[in-house]
Every structure is written in structure tokens, then in C-alpha cells.
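**Student:** coords please:
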Amino acid sequence: VEFVESGGGSVQAGGSLRLSCAISKSTSTMYVMGWFRQTPGKEREFVAGVNLPAGIELYADSVKGRFSISRDLQKRTAYLQMNSLKPEDTAEYYCGAGPYWRGYYTTALGDYKYWGQGTQVTVGQ
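**Tutor:** The predicted structure is shown next:
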């Protein structure tokens, strides 16, 4: 599975960014796409995920109400709209995809079998 990620960059606190993630493999073989983020010295943490057939959305508590995930099955692409960004959102964001759906528990690193190369998001004060 190949990924094409885009949309990262630098923004001031309170600003917005939109990440995109397109996969080469047909979404009919995947059940979930999502984003994790990682800062130096810390583990990769779940940010948001979306069930591809049904569009069910999952969010980490830290981003609820600020981030919104969506998907376009025809384009095999997922999007992460990030609003009201905070300095603590600064991280490398990784898009992942997985062949299984465990309901609202599909937030573990192991649920996402395939990974993109990552894109940096930097939020200034």
C-alpha cells in the first residue's frame, strides 16, 4: 500500500490546517483510515480514525470538537480538518490504514497495518 500525504505546515495558534491522505490500494480491502501523531521521545498516539464503509468517526479526547475526519471512497482519500490549533498539537502526523474494524476500540497502533511517511505540523504561540 502506498500513501500520498499532504497538508502539513506551520500555523499560529488558533489557525487551521487540513491533512490529506490518499492510498493506492482499493478502499474495499480496508476498513479504517486515520491519523496518529508523534513528538520526539514519545510514543505515537491516536488522533482520529474513520470507518471507511460507514463513515463512523473516532477522536482522541484532546482533539474532539476541534478536528474533523472524513473520507472520499472514490478518491481513496481521507482528510483531517484541524481547527483551533494549539502549540501542543505540534507533532509529526502519520496517516495509517487497516483491514479490520473493532468499533470504537479501533484506536490502537496495531489496528493500522499500513503507514504513510508522515507530515510535520507546527503550531506557534
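**Student:** So, low pLDDT: which residues of this structure?
**Tutor:** Residue ranges of the chain with pLDDT under 70: none are present.
**Student:** So for it, which residue is the most central one in space?
**Tutor:** For the chain, the residue nearest the mean C-alpha position is residue 35 (2.1 Å; C-alpha atoms, centre = their mean).
**Student:** Looking at strand pairing, list the partners for it.
**Tutor:** Beta-bridge partners recorded for residue 35 (DSSP bridges): residue 48, residue 95.
**Student:** contacting residues for it?
**Tutor:** By C-beta atoms under 8 Å, 6 or more residues apart in numbering, the contact set of residue 35 is 19, 21, 47, 48, 49, 69, 80, 93, 94, 95, 96. To be clear about C-beta, it is placed using only N, CA and C from the backbone, and glycine gets the same treatment.
**Student:** Count the neighbours of the first one for me.
**Tutor:** Other residues near residue 19 come to 24 when the count uses other C-beta atoms under 10 Å.
**Student:** And for the second one?
**Tutor:** Counted with other C-beta under 10 Å, residues neighbouring residue 21 total 25.
**Student:** That one contacts residue 117, doesn't it?
**Tutor:** No - taking contacts as C-beta atoms under 8 Å, residue 21 lies outside contact range of residue 117: 10.5 Å.
**Student:** list residues touching both of these two?
**Tutor:** 3, 5.
**Student:** quick one: residue 85 is in a helix?
**Tutor:** No - judged by DSSP: H, G, I helix; E, B strand; the rest coil, residue 85 forms no part of a helix; its state is coil.
**Student:** mind listing the strands for the protein?
**Tutor:** 3-6, 9-12, 17-23, 32-38, 45-51, 57-59, 67-72, 77-82, 91-98, 114-115, 119-124 (DSSP state E).
**Student:** Partner strands of the first one and their direction?
**Tutor:** Here strand 3-6 is paired, per DSSP bridges, with strand 17-23 (antiparallel).
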